[in-house]
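Student: quick one, what's the 3D model for this:
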Amino acid sequence: MPNDGIMEPMQPICTKNRGHYFGNISNKKMNLSPAGLLADVFWHEIKHHAKHIELDAFQVIPIIYMVF
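Tutor: Residues are numbered from 1 along each chain as shown. A predicted model of the protein is given here:
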């Protein structure tokens, strides 16, 4: 999807109570849990079931807390 350098909005999905259900970070590496692995597989399977949908990037990222 060319975007000519324009940043498209992200669609975050938050888990209940911001739980780390999809994995954790260890040694600066994201380690997916079984639920995280399933989310990854299902994301990539969408294109095989819905030909009219175009997917962009998919990332499991940690919650970053900012305190001001």
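
Student: CA atoms for contacts and neighbours, from now on please.
Tutor: Fine.

Student: name the SS class of the residue most central in space within the chain, please.
Tutor: Using C-alpha atoms, centre = their mean, the residue of the chain that lies closest to the mean C-alpha position is Gln59, 3.0 Å off. Three-state secondary structure (criterion: DSSP: H, G, I helix; E, B strand; the rest coil) places Gln59 in coil.

Student: that one and Trp43: what is the separation?
Tutor: 10 Å (C-alpha to C-alpha, to the nearest Å).

Student: repeat that for Lys16.
Tutor: For Lys16, the distance to Trp43 under the criterion C-alpha to C-alpha works out to 20 Å.

Student: ok, these two, which is more surrounded?
Tutor: The residue with the greater number of neighbours, taking Lys16 and Trp43 and applying other C-alpha atoms under 10 Å, is Trp43; the counts read 13 against 8.

Student: name the nearest residue to that one, sequence neighbours excluded.
Tutor: Spatial nearest neighbour of Trp43, chain neighbours left out: Phe58 (7.6 Å); criterion: C-alpha to C-alpha, 6 or more residues apart in numbering.

Student: low pLDDT regions in this protein?
Tutor: Filtered on pLDDT under 70, the chain yields the residue ranges 1-12, 61-68.

Student: let's see 90
Tutor: Scanning the chain with the threshold set as pLDDT under 90 gives 1-32, 36, 39-40, 42-68.

Student: show me where it has strands.
Tutor: Assigned strands in the chain, in chain order: 23-26, 29-32 (criterion: DSSP state E).
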